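>>> the following block contains a protein sequence and its predicted model.
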There are 2 protein chains.
Amino acid sequence: MSVLVVGSIALDTVKTPMAEHADLLGGSASYAAVSASFFSKVNLVGVVGDDFPKEHIEYFGSRGVDLAGLQQVPGKTFRWSGEYHWDLNTRDTRSVDLNVFEHFTPTLAPGYAQTPYVLLANIAPGLQHHVLDQMEKPRFVIADTMDLWINIAKPELISLLARVDMLILNDGEARQLTGLTSLIKAGRAIQAMGPRYVAVKKGEHGCLLFAPDGFFSCGAYPLEDIHDPTGAGDTFAGGLAGFLASQDNATVTFENLRQAVVYGSVMASFNVEAFSLERLRTLTQGEIAERYRLFKLMSQFEVISD
Amino acid sequence: MSVLVVGSIALDTVKTPMAEHADLLGGSASYAAVSASFFSKVNLVGVVGDDFPKEHIEYFGSRGVDLAGLQQVPGKTFRWSGEYHWDLNTRDTRSVDLNVFEHFTPTLAPGYAQTPYVLLANIAPGLQHHVLDQMEKPRFVIADTMDLWINIAKPELISLLARVDMLILNDGEARQLTGLTSLIKAGRAIQAMGPRYVAVKKGEHGCLLFAPDGFFSCGAYPLEDIHDPTGAGDTFAGGLAGFLASQDNATVTFENLRQAVVYGSVMASFNVEAFSLERLRTLTQGEIAERYRLFKLMSQFEVISD
């Protein structure tokens, strides 16, 4: 089965304590779509300007991503620039130029409305609503978000929560959205706002999954060196959604989702090993399978099996 | 097999945002010994003053803790007073009165030198050395420590590391000891200082175990309410050491230690549910087994079994 991914497609300038790179392929939909493409077919919905390098579009195509929903319009591509602090755990946004994104209205390409799995990657909640309005009974809808939308578009985000099966957000955002310090209370409180499943990402501390029938705690892969955290959350969401679509169950189960969270974590752990999507470009199915196996080993404390 | 526990025995005054209690049973050895007693026989080494309530000594006895190594001397018992901040993640020490602890020299009771498992609970590294000097070929030695000793007794702590099989410390202390931000790098760096095994506790984020032949990530039990974090680390160390002693393997294995880390986490998760050792007083083996089972469920993402 396939997954529809809507989000931003950007050209990023990223500065870390070690290096700085300009005009990198970025944006939530770029990371999420490529990550999902390792597991399933992807219908990409997004917009770029006429300055968007053809090689990036070709790269999406080489990953089997359907590009009928990718609008290329006159003007400049969305640009984001950020600088990471010394420990790579926090960052400052240096500039945001919406450009063609300012007037973007995602209209689904023919056939996209029937896509069974939907990932509303990080983008304004109003646009997430707009895409959802056009979908015809999707099987499972996942929304990602960020602190910006909790700050400036909370009502739209809250009303979106009643329409999705799963929300993905990080620990700080979960606390911000609920006003609760305890992540356990925050996760449960977000479930009460609508989504049956809530994934709370904790960076180097892994991820918590709240389900109606349980709780799952996933550790982070023990990386010694992180080169660029940009897109880790989007890659996580894409891997998660892509894996779910690949399973094609009539109903998504808690067990499906636990494995999906691990595959999302696997994909994010690769993504932070290099700038932009560089690591995903060389990633193989064998490497994914091997790291999934290592996640299993590092989290099991009784029977250890391959 | 039995485990020797040396550490502090204290009367604590603890203030949280919700409540304040004075003259509570506390101290690293009290928590660790009682926690270990759920798994194995315990030889307790410590000192109290003549003001120490008889009921606490009787409680240790009721847990089967051997008290031949507990010195009661003229003077006042060690007292600690602390106040937790609003989120219970950080605290200020309000006062420390060493009292009888100031001139404490732990001398082992007859037979204690042959105890196969040793837990050097949180106490000055000089005293940890002194106990270790008296031991006769212990099978496995675990040391706990705290930021205070890294600040004021680093050389003694460093030399202790070459003598122990395992060090337990929290994330902030691991960074402080190594000067490294990455916990993965810090854990590996501490292994290089001597201990084959290093457990880095991360509070609500669980615990990392570094082994020569692997890495284990243990989540924290999803508690919605924490009443008093005091002694969580000591209870963790005690449960871990007690479980290892109960296994009585000729050589402690990575698999033993993974399970020990989970049992330590189980014990710590109970301990924070109430002030002082109150929760441990009512704790049953059935509750421990049930929570261990829940740890397994919340960390497995493939086969789920009881």
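Now that the structure is in, tell me what you want to look at.

>>> for my notes, confirm residue A:47 occurs in a strand.
Yes. Judged by DSSP: H, G, I helix; E, B strand; the rest coil, residue A:47 forms part of a strand.

>>> return the distance of it relative to residue A:9.
7 Å (Cβ to Cβ, to the nearest Å). Glycine gets a C-beta too; all of them are placed from N, C-alpha and C.

>>> and what of residue A:157?
Residue A:157 is 21 Å from residue A:9, by Cβ to Cβ.

>>> those two: which is more packed in?
residue A:9 (30 against 24; other Cβ atoms under 10 Å in any protein chain shown).

>>> quick one, phi psi at the more buried one?
phi -120, psi 120 (degrees, to the nearest 10).

>>> per-residue confidence for it?
As predicted, residue A:9 sits at a pLDDT of 98.

>>> so which residues on the stretch 151-300 of chain A come close to chain B?
A:181-185, A:188, A:202, A:204-206, A:208, A:214-220, A:222-225, A:255, A:258-259, A:261-262, A:295-300 (Cβ under 8 Å from any Cβ of the partner chain).

>>> which among these end up buried?
Those of these that meet the buried threshold are A:182-185, A:188, A:202, A:204-206, A:208, A:215-220, A:222, A:255, A:258-259, A:261-262, A:295-296, A:298-300, by 16 or more other Cβ atoms under 10 Å in any protein chain shown.

>>> tell me which of those residues fall in strands.
Secondary structure from DSSP state E places A:208, A:215, A:216, A:217, A:218 of these in strands.

>>> state the pair within those residues that is farthest apart.
With distances taken as Cβ to Cβ, the most widely separated pair in these is A:215 and A:218, at 10.9 Å.

>>> name the residues contacting each of the two.
A:208, A:209 (Cβ atoms under 8 Å, 6 or more residues apart in numbering or on different chains).

>>> what lies in contact with the helix or strand bottoming out on mean pLDDT in chain A?
Ranked by mean pLDDT, DSSP states H and E, the weakest helix or strand in chain A is strand A:91-97, scoring a mean of 91. Applying Cβ under 8 Å, 6+ apart, the external contacts of strand A:91-97 come out as A:13, A:15, A:76, A:78, A:79, A:80, A:81, A:82, A:83, A:84, A:85, A:229.

>>> that one pairs with which strands, and in what direction?
Strand A:91-97 sits in its sheet next to strand A:78-84 (antiparallel), going by DSSP bridges.

>>> list the buried ones in the strand it pairs with?
In strand A:78-84, counting by 16+ other Cβ under 10 Å, buried: A:78, A:79, A:80, A:81, A:82, A:84.

>>> over to stretch A:99-108?
For stretch A:99-108, by 16+ other Cβ under 10 Å, it's A:99, A:100, A:101, A:104, A:106, A:108.

>>> for that stretch, what is the distance to the chain centroid?
With Cα atoms, centre = their mean, to the nearest Å as the basis, stretch A:99-108 stands 19 Å off its chain's centre.

>>> what's the first-to-last distance across it?
21 Å (Cα to Cα, to the nearest Å).

>>> what's in contact with that stretch?
A:4, A:6, A:8, A:45-49, A:69, A:71, A:73-79, A:127, A:130-131, A:134-135.

>>> so the residue positioned nearest the centre of chain A: helix, strand or coil?
Centroid-nearest residue in chain A, with Cα atoms, centre = their mean: residue A:234, separated by 2.5 Å. Put simply, residue A:234 is helix when judged by three-state DSSP.

>>> skipping adjacent residues, who's closest to it in space?
Closest residue to residue A:234 apart from its sequence neighbours, by Cβ to Cβ, 6 or more residues apart in numbering or on different chains: residue A:31 at 3.6 Å.

>>> likewise for residue A:176?
Using Cβ to Cβ, 6+ apart, the nearest residue to residue A:176 is residue A:150, at 5.1 Å.

>>> repeat for residue A:15
Here the residue nearest residue A:15, using Cβ to Cβ, 6+ apart, is residue A:83, at 4.2 Å.

>>> so the one you found makes contact with residue A:17?
No. Contact status for residue A:83 versus residue A:17: not in contact, 9.2 Å apart, counting by Cβ atoms under 8 Å.

>>> what pLDDT does residue A:107 get?
For residue A:107, the model assigns a pLDDT of 89.

>>> my error: substitute residue A:303 in the last question.
For residue A:303, the predicted pLDDT is 62.

>>> again with residue A:12
97.

>>> and residue A:306, by the same measure?
So residue A:306 comes in at 43 (pLDDT).

>>> for residue A:261, same thing?
98.

>>> that one contacts residue B:299, doesn't it?
No. Using Cβ under 8 Å, residue A:261 makes no contact with residue B:299, being 11.7 Å away.

>>> what is in contact with the two at once?
The contact lists of residue A:261 and residue B:299 share residue A:216, where a contact means Cβ under 8 Å, 6+ apart.

>>> and the residue nearest to residue A:15, what pLDDT?
pLDDT, residue A:83: 96.

>>> same check, this time on the one 5 residues further on
At residue A:88 the predicted local confidence, pLDDT, stands at 83.

>>> what sits closest to residue A:189 if chain neighbours are left out?
Closest to residue A:189 by Cβ to Cβ, 6+ apart is residue A:178, at 4.5 Å.

>>> number of nearby residues for that neighbour?
19.

>>> what about it, distance to residue A:157?
Here the distance between residue A:178 and residue A:157 works out to 12 Å (Cβ to Cβ).

>>> contacts only, for residue A:272.
Counting by Cβ under 8 Å, 6+ apart, residue A:272 touches A:223, A:226, A:227, A:228, A:229, A:232, A:279.

>>> top of those residues by neighbour count?
residue A:228 (24 neighbours).

>>> report pLDDT for that one.
Listed pLDDT for residue A:228 reads 94.

>>> just want the phi and psi numbers for it.
Backbone torsions of residue A:228, given as degrees, to the nearest 10, read phi -160, psi 110.

>>> that one: what's its closest spatial neighbour, skipping adjacent residues?
That would be residue A:275: by Cβ to Cβ, 6+ apart, it lies 4.5 Å from residue A:228.

>>> tell me which residues touch that neighbour, please.
Neighbouring residues of residue A:275 by Cβ under 8 Å, 6+ apart: A:14, A:19, A:21, A:24, A:227, A:228, A:230.
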